[in-house]
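> How does the following fold in three dimensions:
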Amino acid sequence: MSFFKSYTILIILIFMSAYNINANTDIKDDLEYLKPKEKHKIGIGGGFIYKPTYVGSSSIRTVWFPTVTYQYNDPEKEYFNSFDLFGPFASLSVYDSNILSFNLVGEYDFGRQSGDDNSLETLEDIDPHFNMGFDFAYKIPFNLSLDLEYQTGVSDPGTENTLSFSLTHNKLIWVNFSQPLINEASISMNYGNSEWMEEWFSTPSTSKFSKYTAKSGFYSTSISNMSVIPAGESMSFFVNIEYERLRGNAADSPLVKDQGSKHQYMFMFAIVFEIAKF
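Numbers count the residues shown, from 1 in each chain. Now for the predicted structure:
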């Protein structure tokens, strides 16, 4: 009897294992079938950025912009498996694994013009320009990562440099197996070298300002949240919210202390329509 029971139990276990393997295989096959085969997506749209007039400003300006987006994604690869171009931001994944990632990044900086505010009339303009750099992330449990981002100007690389040290939470949720909902939240400590700090926060001795030379150091703490939200098969919303509090040499600058504000807010919203995928 004991042999019969053991044999019966063994047969049942083998049957259940076979059933589960087949079921899991079927589910996996279904998921692979439902996931999009296209690696490239192109979209058009537009939106606005609600941001400080300049770094350290107490006034806000709204910048309207059209945008073209291009996305490449191949999760089966570890090297050069994705590229994203969205409005003023660009990112190329050089390496991406379960532990580490390394991306090349680019960003458009709107600069600072004397006409933006009466207090800037005696200061030099900062022309709009492109920044480039990299982002290195070490991934830890619970969808968290420790990030280091470096940026410098494209026109004069290595002269004016910034660093950001961040704790980032990334979450991706498949909504319809065609467009995922992506959310990225982070808290950062931001550092600027002496050349960058002098350009943005130093002031000459004038009728409006006392002479002030900003030194290198951590100039702000920031909290941000970025979301890409699907709204159908071919439309998605892009929302980016950021709060930054200036500190140290930046907060002590007359440009901030007397004329501006330590509290910096930014809100970006855009709608993108997918026009092609292949």
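> those helices in the stretch 51-200 of the chain, which residues are they?
Along the stretch 51-200 of the chain, counting by DSSP state H, counting those that start in this stretch, helices occupy 194-201.
> Can you show me the CA trace of the one helix or strand residue 49 maps to as PDB?
For residue 49, the element it lies in under DSSP states H and E is strand 40-52. Below are the C-alpha coordinates for strand 40-52, written out as PDB (Å, rounded to 0.1, in the frame of the first residue of the first chain):
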ATOM      1  CA  HIS A  40      12.000  52.100 -33.200                       C
ATOM      2  CA  LYS A  41       9.300  54.700 -32.500                       C
ATOM      3  CA  ILE A  42       8.900  58.200 -33.900                       C
ATOM      4  CA  GLY A  43       6.500  60.800 -32.600                       C
ATOM      5  CA  ILE A  44       5.600  64.500 -32.900                       C
ATOM      6  CA  GLY A  45       3.900  66.800 -30.400                       C
ATOM      7  CA  GLY A  46       4.400  69.800 -28.200                       C
ATOM      8  CA  GLY A  47       4.100  71.300 -24.800                       C
ATOM      9  CA  PHE A  48       5.400  73.900 -22.400                       C
ATOM     10  CA  ILE A  49       8.000  74.300 -19.600                       C
ATOM     11  CA  TYR A  50       7.100  76.500 -16.600                       C
ATOM     12  CA  LYS A  51      10.500  77.300 -15.100                       C
ATOM     13  CA  PRO A  52      12.500  80.100 -13.300                       C
END
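> And it, what's buried?
41, 43, 45, 47, 49, 51, 52 (16 or more other Cβ atoms under 10 Å). Backbone N, C-alpha and C define where each C-beta goes, glycine included.
> wouldn't the fifth one be in contact with residue 266 here?
Translated: residue 49. Yes. Contact criterion Cβ atoms under 8 Å: residue 49 and residue 266 qualify, at 7.0 Å.
> I appreciate the help and will end here.
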